[in-house]
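1. heads up, no residue letters with this:
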């Protein structure tokens, strides 16, 4: 098959730019009532029947009958054996990636995840105690889109945070196990792993069953059933963000080889046809060169069909008046991945206010960040980088305020609290403060 | 009326303790289908009609007709005038509380909310850029439960984070404005304020209207309509946690005057009848003394009826075998407010793993923390302190990963990324890394 990829061409000078730009960006998560209802039923069954429901749904959806949920547990020995059996080049890659991801998240914990406190002039102690969650669940998709890198990106921050129990669930349809996923679980420090998936796995983690321990938070990507189940159990347990389609925005000043930029656009587009790849560039000739590179390179790609569908349906090559304008448009999009493909990336970085991850300079392909640069690849999608952040060590910690008011402090604060409490009509609040006055 | 408050008496040595304890703790947020449907309709109307729908619902629900949404805006001059018109004692209390809350949150920003980066051995730059949200909405309840302290606790962290636009909404049924709320908005640095409330205000902030600017995140407490609306717009904008009933857990070793502990239990119970106050103590005689204090003090409380209902329906005085056991039970509850009413609070604090805020020592009444100690009073309820945290400066910031791979780094990382990408069947990812090899 010969596929053609022609991303939408726009220029910020065209009169209908705003309308066309808006149309191309638009994406909304449709909720599917049928999926919602099925997920609600599955969760109810898991809550009420525990292991029995997990076994029933695992047989039904994954064609994997088992005598007990215990029989679906992967032993540490099995995870380790999967790692040992890898080809040396794969084992090395997994180890290097894990070590770099670990270093980065350790730096993150050091910078933002430490307890702190101070005493005020009255000797009162004020601060915040940071503690890891006790137990978390990591959802790992199985089947055709099994991503060992996601195991690293979810489990390592939890491990660095100090979470004692990291429970991985991964569906293995017809019992087919992805050895790289198992090996990644071993490298990342997963405590226990079960070959279950779907809404039933989310339910088992959220409610706990006789065999599967109840967790405090569930992270990790999944299909529409998994996403719906996570939303439903949110509140009972914590969850990470619900991800939309993946996106890349490339800001190019024309100094990067066009082939590199074309391949970076492909690397987003190859995820699925809803993925979005956008180039912003002030140089018309460069945009043309990128389109030529797309035409030339596309036939070499095994996933050419998906790439073409994504670029034709959702991609865009946009000519801007300047790099400054490109940065401003980027701030409106708040992209998940933002490449600053420029020979002066530090000139533009301070202007860029909203993005999940910012990749600076021609050598920083998104794919290096996806796998092994160190930062997390779980990033806010669909413009949510305006208010949310990459998955981090802090997602696996929680904070408790610490307050110790001294006897002297109570004398000073008591009357203040009393006045404000009376103003709110909460007299016991006021009285509790007044009683502490000498 | 003569009210009696008899919290459930339990002992951890009784054989049915687990069952009785579990029953007393149980609380679940029932979703009301009628509320859900009405909120969905209101949000749809606001999304489609903007200002017109906001005006219509404000007239209907708040009996407040207005010619335009602009007419519902409170000017900065009006906020300032409310502050200036306060009695000096109230003005002073508001100022001291605001200054202390500001200091604490500045320390928090310094400790956990700063950008950071490092270069690895290949000169690659890795880090995280921390930026404030552009614009947030603060929901402030109006009517009978108007809490100026909540204005401070929501707006000050946003202001400290560096949020440029802080939009407050507060319903004013029949046009009745709470002057303390307006004054608190002035002190806290609110940018703009509108006298609207309910699901229509949440919708206006989430979608934006011709008059009300669209925000990136909405925080602040509200009734069932507000909570439902916040849940529905979550994803389009960020939200804080949905709060359940407020709770206090007091761990007492018998060294604090029983009256103080009784009043602290009251100060939680007076919020509403679903609020929960629990005492854990190894000393039976002390528990008896607290019950006597409850009996003696209750008739002096203006909100005696609510306090009695709350303590009778949800309160508990639990005798434990030891303080150590009391701490373990506290970890199971993961309370919103946790008082360690002991003369050796620092002995027990390290044992306490899950709590929204920990109040150490006899002088630290919860009410001092609620109003003016400095830490935030927006805390995780209903056991969610197992995985979530007090409202903080970080809730008004977001982080972007920063990655700049050097030419040398790309040579080292490229083959690693390529191996992992091939293992996941994502060839464009691999190729993008390989192209950067010299």
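-> Yep, that arrived. Please read all numbers here as calculations on a predicted model, not as lab measurements.

2. ok, residue A:16 - how many residues close by?
-> 9 (other C-beta atoms under 10 Å in any protein chain shown). For glycine as for every other residue, the C-beta is placed from the backbone atoms N, C-alpha and C.

3. Tell me which stretches of the stretch 201-350 of chain A form helices.
-> Under the criterion DSSP state H, counting those that start in this stretch, helices of the stretch 201-350 of chain A are mapped to A:224-233, A:258-269, A:284-297, A:304-314, A:323-333, A:345-348.

4. residues in contact with residue A:86?
-> A:94, A:179-180, A:183 (C-beta atoms under 8 Å, 6 or more residues apart in numbering or on different chains).

5. Sort out which of the residues you listed are buried, if you could.
-> A:94, A:179-180, A:183 (16 or more other C-beta atoms under 10 Å in any protein chain shown).

6. Tell me the one among the residues you listed nearest to chain B.
-> residue A:180 (5.1 Å; C-beta to the nearest C-beta).

7. which secondary structure element contains that closest one?
-> helix A:179-188 (DSSP states H and E).

8. just residue A:94 next, same as before
-> Using DSSP H and E, residue A:94 falls in helix A:88-112.

9. right, is whichever helix or strand comes after that helix up against chain B?
-> Per DSSP H and E, the first helix or strand lying C-terminal to helix A:88-112 is strand A:116-119. Yes. Judged by C-beta under 8 Å from any C-beta of the partner chain, strand A:116-119 and chain B are in contact via A:116, A:118.

10. How far off centre is strand A:116-119?
-> Here the centre of strand A:116-119 is set off from its chain's centre by 32 Å, with C-alpha atoms, centre = their mean, to the nearest Å.

11. what lines up beside that strand in the sheet?
-> When pairing is defined by DSSP bridges, strand A:116-119 lines up against strand A:125-132 (antiparallel).

12. what residues does the strand it pairs with touch?
-> Under C-beta under 8 Å, 6+ apart, the answer for strand A:125-132 is A:113-120, A:161-164, A:396-404, A:406, B:104, B:107-108, B:111-112, B:349, B:353-354, B:358, B:360, B:373-375, B:390.

13. could you redo the last one with a cut-off of 6 Å?
-> Contacting residues not belonging to strand A:125-132 are listed as A:113, A:115-117, A:119, A:161-163, A:397, A:399-402, A:404, B:104, B:353, B:374 [C-beta atoms under 6 Å, 6 or more residues apart in numbering or on different chains].

14. Please list all residues in contact with the residue most central in space within chain A.
-> Nearest to the geometric centre of chain A sits residue A:378, at 2.5 Å (C-alpha atoms, centre = their mean). By C-beta under 6 Å, 6+ apart, the contact set of residue A:378 is A:153, A:391.

15. Can you classify it as helix, strand or coil?
-> coil (DSSP: H, G, I helix; E, B strand; the rest coil).

16. Now it. Its backbone dihedrals?
-> Backbone torsions for residue A:378, taken as degrees, to the nearest 10, come to phi -90, psi 110.

17. just residue A:403 next, same as before
-> phi -130, psi 120.

18. what's the neighbour count on it?
-> 25.

19. Test my guess that it contacts residue B:358.
-> No. Contact between residue A:403 and residue B:358 fails when scored by C-beta atoms under 6 Å: they sit 7.1 Å apart.

20. quick one on the thing from earlier: so what secondary structure elements neighbour the helix or strand following the helix holding residue A:180?
-> Once helix A:179-188 ends, the next helix or strand along the chain (criterion: DSSP H and E) is strand A:192-194. Applying 3 or more C-beta pairs under 6 Å, 6 or more residues apart in numbering or on different chains; DSSP states H and E, one finds that strand A:192-194 contacts strand A:165-169.

21. interface residues of the stretch 1-150 of chain A facing chain B?
-> A:89-90, A:93, A:96-97, A:104, A:107, A:111-112, A:116, A:118, A:126, A:131, A:133, A:147, A:149 (C-beta under 6 Å from any C-beta of the partner chain).

22. now swap in the stretch 151-300 of chain A and tell me
-> A:180, A:216-217, A:238, A:260, A:263-264, A:266-267, A:270.

23. possible to save those as CSV with pLDDT and distance to residue B:43?
-> What follows is these, written out as CSV (pLDDT from 0 to 100; distance: C-beta to C-beta, whole Å):
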residue, pLDDT, distance to residue B:43
A:180, 94, 44
A:216, 97, 31
A:217, 98, 28
A:238, 95, 25
A:260, 98, 44
A:263, 98, 42
A:264, 98, 38
A:266, 98, 39
A:267, 96, 37
A:270, 95, 36
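
24. Does stretch A:394-407 reach chain B?
-> Yes. Stretch A:394-407 reaches chain B (C-beta under 6 Å from any C-beta) through A:398-405, A:407.

25. Buried subset of these, written for ChimeraX?
-> Selection of buried members from these for ChimeraX, criterion 16+ other C-beta under 10 Å:
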select /A:398,399,400,401,402,403,404,405
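
26. Now, the residues of stretch A:394-407 next to chain B that are in strands?
-> In strands, judged by DSSP state E, the following of these are found: A:398-404.

27. Could you dump those residues into CSV and include pLDDT?
-> Formatted as CSV, those follow (pLDDT from 0 to 100):
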residue, pLDDT
A:398, 97
A:399, 98
A:400, 98
A:401, 98
A:402, 98
A:403, 98
A:404, 98
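
28. related to what we said a few turns ago, can you pick out the most distant pair from the contacts of residue A:86?
-> A:94 and A:179 (11.0 Å; C-beta to C-beta).

29. residues in contact with residue A:167?
-> Counting by C-beta under 6 Å, 6+ apart, residue A:167 has contacts A:137, A:192, A:215.

30. Looking at neighbours, which among those residues is most surrounded?
-> residue A:137 (29 neighbours).

31. Could you point out the helix or strand that follows the host helix or strand of it?
-> Using DSSP H and E, residue A:137 sits within strand A:135-139. Using DSSP H and E, the helix or strand that follows strand A:135-139 in sequence is helix A:148-161.

32. Report the angle between that next one and strand A:397-404.
-> 20 degrees (axes from the mean of the first three to the mean of the last three C-alpha atoms, to 10 degrees).

33. quick one: least confident helix or strand in chain A?
-> In chain A, no helix or strand scores lower on mean pLDDT, DSSP states H and E than helix A:224-233, which sits at a mean of 92.

34. Number of residues surrounding the closest residue in space to residue A:36 that isn't next to it in sequence?
-> Using C-beta to C-beta, 6 or more residues apart in numbering or on different chains and skipping residues adjacent in sequence, the residue nearest residue A:36 is residue A:228, 5.8 Å away. By other C-beta under 10 Å, 23 other residues sit near residue A:228.

35. is it true that residue A:228 touches residue A:38?
-> No. Using C-beta under 6 Å, residue A:228 is not in contact with residue A:38, being 8.6 Å away.

36. returning to that earlier point: parallel or antiparallel, list what pairs with the strand holding residue A:137.
-> strand A:165-169 (parallel), strand A:217-219 (parallel).

37. Which residues does that strand contact?
-> Contacts of strand A:135-139 (C-beta under 6 Å, 6+ apart): A:154-155, A:158, A:163, A:165-169, A:205, A:215-218, A:220, A:222.

38. Kindly indicate which of the residues you listed lies nearest residue A:367.
-> Once C-beta to C-beta is applied, the member of the contacts of strand A:135-139 that ends up nearest residue A:367 is residue A:154, at 18.7 Å.
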